[in-house]
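J.: let me see the structure of the following:
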Amino acid sequence: MLRNPSYEPSAGRLRAETLLRKHNSLVNTMARIVVANDNGSLRTVSGGTHHASGWYPSVKVGRTQHYESLHQLALIERCETDPNVVHYQSEARRFEFILRRKERYTSDVDILDADGRLAVVEVKGDDADLRDPEYRLKLAGVAEICRRVGHEFRITFGSEIFENSRHRFNVRLASSMRRTAISSSQKRLVESLRSKGDDMRLGEFAELMAPGNFVQGRAITFAMLVRRIVSLDLTQPLIDEMPVSFI
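T.: Next up, the predicted model:
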């Protein structure tokens, strides 16, 4: 209903407000997109609400992520441990625009993947959360704004965050070990292995990282996964034969 096919996606439509003249016949502003001065979360209320909320200290991003639901936290954990995600930020941008009335919408999680594509993601428990037609219209407006500036807008339901229960378990395990220290000698060893161009298996890689201490070796491997030093497929069983590749 909202999409106008005459508008092709173009990042050139994003203009800093300070660079726009107040009255300019060449510019017809459809929406205002607001980001924090430090590029962090715009909404930072924790506690005192009817739903779960809190903070997740991210190693990958280097800043604490705010969440307002357990589904949002689950997506944050997946982003933290997904080697295809270069950067992400919760509550990152607010859209202000007019449809039938003045609308305001703040994204749940913005995700930048390894191909340079930015996705603005709304996280919902299930489709019952989209019953309100006025809310659906607002999301459609956000989707069209994103399309015009070359971003992807998508709605992710709680059941879609993880591929299966194993994936959920592996992500949470890797996330819990994200702050494990990585020594300079371990980093040099990885650089040496990368230069040889051969992928390895989880068992032998963990042994190299911490000889004689497999648990510590795995923890270091997961910390390297979060830092995008190595790549693992967390949808698969964490067995010794799992492939480990270098990023």
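J.: now the helices for this protein?
T.: 70-81, 133-148, 165-176, 184-196, 202-209, 214-226 (DSSP state H).
J.: quick one: end-to-end distance for stretch 81-91.
T.: Stretch 81-91 has an end-to-end distance of 19 Å (Cα to Cα, to the nearest Å).
J.: select, out of the helices of the chain, the one closest to V34.
T.: helix 133-148 (12.5 Å; Cβ to Cβ). (Each C-beta comes from the backbone N, C-alpha and C, glycine too.)
J.: can the helices of the chain go into a markdown table with extra columns for mean pLDDT?
T.: Formatted as a markdown table, these follow (pLDDT from 0 to 100):
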| stretch | mean pLDDT |
| --- | --- |
| helix 70-81 | 97 |
| helix 133-148 | 95 |
| helix 165-176 | 98 |
| helix 184-196 | 94 |
| helix 202-209 | 97 |
| helix 214-226 | 97 |
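J.: any weak-confidence spans in this structure?
T.: Residue ranges of the chain with pLDDT under 70: 21-26, 44-50.
J.: try 90 this time
T.: Scanning the chain for pLDDT under 90 picks out 1-7, 12-13, 15-30, 36-53, 99-100, 196-199.
J.: ranges for the strands of this structure?
T.: Ranges of strands in the chain, per DSSP state E, are 31-35, 54-57, 64-67, 85-90, 93-98, 102-106, 109-113, 118-124, 152-157, 200-201, 230-231, 243-246.
J.: of the ones you listed, which is nearest S183?
T.: Nearest of the strands of the chain to S183, taken as Cβ to Cβ: strand 230-231 at 15.2 Å.
J.: could you count how many residues lie near S107?
T.: As a burial measure, S107 scores 24 neighbours (other Cβ atoms under 10 Å).
J.: on that earlier part again, let me have the strands of the chain in CSV, adding distance to L2 and mean neighbour count as columns.
T.: CSV is the format used below for those (distance: least, Cβ to Cβ, whole Å; neighbours: other Cβ atoms under 10 Å):
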stretch, distance to L2, mean neighbour count
strand 31-35, 12, 15
strand 54-57, 33, 14
strand 64-67, 29, 22
strand 85-90, 26, 22
strand 93-98, 11, 16
strand 102-106, 12, 14
strand 109-113, 21, 20
strand 118-124, 16, 20
strand 152-157, 12, 16
strand 200-201, 49, 16
strand 230-231, 38, 21
strand 243-246, 42, 16
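J.: for those, give me CSV that also has distance to G217.
T.: Supplementary listing: those in CSV, determined by distance: least, Cβ to Cβ, whole Å:
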stretch, distance to G217
strand 31-35, 40
strand 54-57, 23
strand 64-67, 28
strand 85-90, 24
strand 93-98, 39
strand 102-106, 41
strand 109-113, 28
strand 118-124, 33
strand 152-157, 33
strand 200-201, 12
strand 230-231, 12
strand 243-246, 11
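J.: sorry, back to before: out of the helices of the chain, flag the one nearest L19.
T.: helix 133-148 (18.1 Å).
J.: wait, what's in contact with the nearest residue to S107 once chain neighbours are set aside?
T.: Excluding the flanking residues, the one nearest S107 by Cβ to Cβ, 6 or more residues apart in numbering is V120, at 4.7 Å. When contacts are counted by Cβ atoms under 8 Å, 6 or more residues apart in numbering, V120 touches R93, S107, D110, V142, C146, H151, E152, F153, R154.
J.: thank you, goodbye.
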